[in-house]
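Engineer: this one's structure only:
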């Protein structure tokens, strides 16, 4: 590999200063994208700013109604954290479904957010539970609603000079996740989350951005049927080259299973 | 140590001695070798499947550290082309230049060579070479070539209809078909897959101008063939080329070829007097290593209502790719030869048609033509059973070649050496609990379960022990099939065994040392195994076609026998007794009360003070073993699947393999070969396929992201068992086991899936049986009901 400049700041402020001084710098999180691109000689960053030594990015903080997950948290750490296990079980399942163990031990939440692969496993869960992506720059902290973050596959609302600080997720009483491999590298993923009156289903892999489906509050008799109908209508209406008959079928079926699962648990 | 002639299995399981090295990460593969002052090679490869090269601009590619960038025009005219050794009669061979000149014909075809001081610079520079293309109409896959869908696209303008050759044979008596009650037609598609060894290909070449010595290190299955090819193509004396093969991390046929990259790296090492290193990336391995299979088989089957298979009329459309590698045209002929399978089929008519497409070359991949044959025969026998409403087990039993019929000459002209097909079938059926699964299947069908059970049977026979050279002659293959061995007992009694058959992970070191121990009574620890070098070794054929044990092993065995005989001749003189009076067991000669070991004789034979008149001093033997026939491993595999009709997903619940590869030299290694082979077969049956865009010909599968190789979680529990009908064609009674798992697995899996989905009216599904495909079939079945 060719020589390149490398910096590993110990705090966010230093990282921001470096970023200001080197506007072409590339930020390195878990290295699952950047290192591979460098290896393939597709990217020759100078300098490379390694965020891996910034401790404040590695925390998970629980508040009364939300969970804050630092950008430097790995999928493995996330899946093992009590607050996430308690309040976002779907996210634990999604984290365990990402790549393989070596990837999960390295890849980070921040890297996932910055890369913005809208077909990734986390996005349906994040869409379903809702929350904010939190960014930091020299001008301060900015928060973007999760569903406004992605602009396309691997395209996000990230601005120059910004670093992803973390993600803030709503606690949900109940959440579910499922993933189907359609073919090599292609998946259909779904997540269902309910907290109080709010229930939302999100589907990844069917449309360019995850399909977000608001569900009516599960109050009246027959809510399961209405949920299924709503889900099926929205899924069937998906117009995208990747939304094949088979994928739609998988999405519909999975929506039914998740709703059945939710119903079997007794709606709180 | 098992004593010779004990009549039992020769197996004597010990741990593989090479694993100490491999498991500790101490293996030395090509990329681990380092030489001072090494320069690195990268290739500019075509991004197009078929295009005219309008312009090549290297201007921006001369990055600091770049030594040179070379195009086709920069190559000297004396330089040969990529060697092809299988000129099937009537073959239209378009030639195989080392670099594309005016036209590129498959995605990844090398256009220019970039040499730089380090690997990254070479690769980055290669990306900076700008090639301007004028796209030409593509033949993106075999189906387009066969159906002439490609709108008149010609891969090579001088070759009409993209047809490389047509090879036809009629075997047996067509009047046998008169007894047929019915016939049916079926098209079977065997997709193109990639061998994908864990270690990609690579080559290091250095040239010593003083000595005029070209030294080459390569990840290869056949160092001597590589040396010969370099000599011929580069015009360099064969005696002044040294090829060394370090540890090889898998090959599967992909490394039994000499590629443009190999020839170019060696050529430029000599021309520029530099040490050059090239290690391909995974994407390059996907693009430019040979692919395997890729046949469309059109079959008409003639049968009786009672389930007797009377004849087949087969057309095999075989994809050559854009150019011919070493054995490309011949691989489908192996398919043609094996069309009788395990059965007595009175009449087989076969026509093989080779086609050029805008795809990478095909060649041998684990099984090389035999998986395609087994797939055809085992799908056909299954369909016959279904059409006759009979149990597939009994239909197989009815058609099998019987135990008493060996050696059995089948209609395609081969003579199978030994086997007991019924016994293997019955053993596999019992071991897999078919009765239980049938009842479970019935229950689920009655309940209309969403997850249906399928039972897949595959009875296979294949040929190994490649090969009798006369068989090559018959098929027009311009190579010999023998193998060499040198066994040398040093004056101290230590032993060196040199084999022309070298490992790419199989465990030759262990097995060869064990074999010498068994023959000569010399402890394995004192046996040094030398493979993979052309320096100081006789010509070696290499490792392919499951030949090591049957051919390479026999060569070692015979060399050992010669040494034993020499010792006996010497003792006859020393002890003044007749040779027959001298026994030899476990390394020790004895006659009456006199005993002396072979190792003890060694120093005396080197001292040569008391040799009989005319006896040469020393104790070593060189053998070139020419097999008189192929060996024919066989067996039955049973695969139990569960297919989820709602998602189309297949889960393999159980897989039982009963194999007869003759005597086993090392049971765990044989078992490992079977299991590894089965997993590769499962991969092809369920997941794998090289795909190019139908319009543009772009390669869509060039990384593991888009090409699903079976992972640990995809591998079902596999139970193996074996039976043994020793091969009569070699003294070890071995047959070969490297490919049989793959050969058997494809139809085992597909037969199981079709069986599961037969409730939906499904009669056939082509590989890979992806969830989407199976779901669609269930939907269609549902609609017709």
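Structural biologist: Arrived safely. Here the structure is a predicted model, which means the values were calculated and not measured.
Engineer: and the nearest residue to residue B:749 once chain neighbours are set aside, how many neighbours?
Structural biologist: With C-beta to C-beta, 6 or more residues apart in numbering or on different chains as the criterion, residue B:749 has its nearest non-adjacent residue at 3.7 Å, and that residue is residue B:685. From N, CA and C alone the C-beta is placed, and that goes for glycine too. Residue neighbour count, defined by other C-beta atoms under 10 Å in any protein chain shown, stands at 28 for residue B:685.
Engineer: Pull the contacting residues for residue B:685.
Structural biologist: Going by C-beta atoms under 8 Å, 6 or more residues apart in numbering or on different chains, residue B:685 touches B:745, B:746, B:749, B:750, B:767, B:768, B:769.
Engineer: and which of the residues you listed is nearest chain A?
Structural biologist: Nearest to chain A among those is residue B:768, at 9.4 Å by C-beta to the nearest C-beta.
Engineer: Against residue B:750, how distant is that closest one?
Structural biologist: 10 Å (C-beta to C-beta, to the nearest Å).
Engineer: more neighbours, the two?
Structural biologist: Between residue B:768 and residue B:750, counting by other C-beta under 10 Å, residue B:750 is the more crowded of the two (29 against 19).
Engineer: one step back: go through whichever strand or helix holds the residue nearest to residue B:749 and flag the buried ones.
Structural biologist: Element membership for residue B:685 (DSSP states H and E) is helix B:667-686. Across helix B:667-686, burial judged by 16 or more other C-beta atoms under 10 Å in any protein chain shown covers B:669-686.
Engineer: so what's the residue of the stretch 651-785 of chain B found nearest chain A up against?
Structural biologist: When scored by C-beta to the nearest C-beta, the stretch 651-785 of chain B has residue B:708 as its residue closest to chain A, at 3.7 Å. Taking C-beta under 8 Å, 6+ apart, we find residue B:708 in contact with A:183, A:184, A:185, B:683, B:687, B:688.
Engineer: Counting by contacts, list what the lowest-mean-pLDDT helix or strand in chain A packs against.
Structural biologist: Lowest by mean pLDDT, DSSP states H and E among the helices and strands of chain A is helix A:34-39, with a mean of 90. Contacts defined by 3 or more C-beta pairs under 8 Å, 6 or more residues apart in numbering or on different chains; DSSP states H and E place helix A:34-39 against strand A:26-28.
Engineer: and stretch B:219-228, how far apart are its ends?
Structural biologist: The first and last residues of stretch B:219-228 sit 16 Å apart, counting by C-alpha to C-alpha, to the nearest Å.
Engineer: What lies in contact with that stretch?
Structural biologist: With contact meaning C-beta under 8 Å, 6+ apart, stretch B:219-228 is reached by B:29-30, B:199-203, B:216, B:218, B:238, B:241-246, B:248-249, B:251, B:253, B:255-256, B:258, B:262, B:479, B:500, B:502, B:504, B:532-534, B:537, B:539-544.
Engineer: Among these, which are located in strands?
Structural biologist: With DSSP state E as the criterion, strands contain B:202, B:203, B:216, B:218, B:241, B:242, B:243, B:244 from among the contacts of stretch B:219-228.
Engineer: What's the separation between the third one and residue B:161?
Structural biologist: Put plainly, it is residue B:216. Distance from residue B:216 to residue B:161, by C-beta to C-beta: 39 Å.
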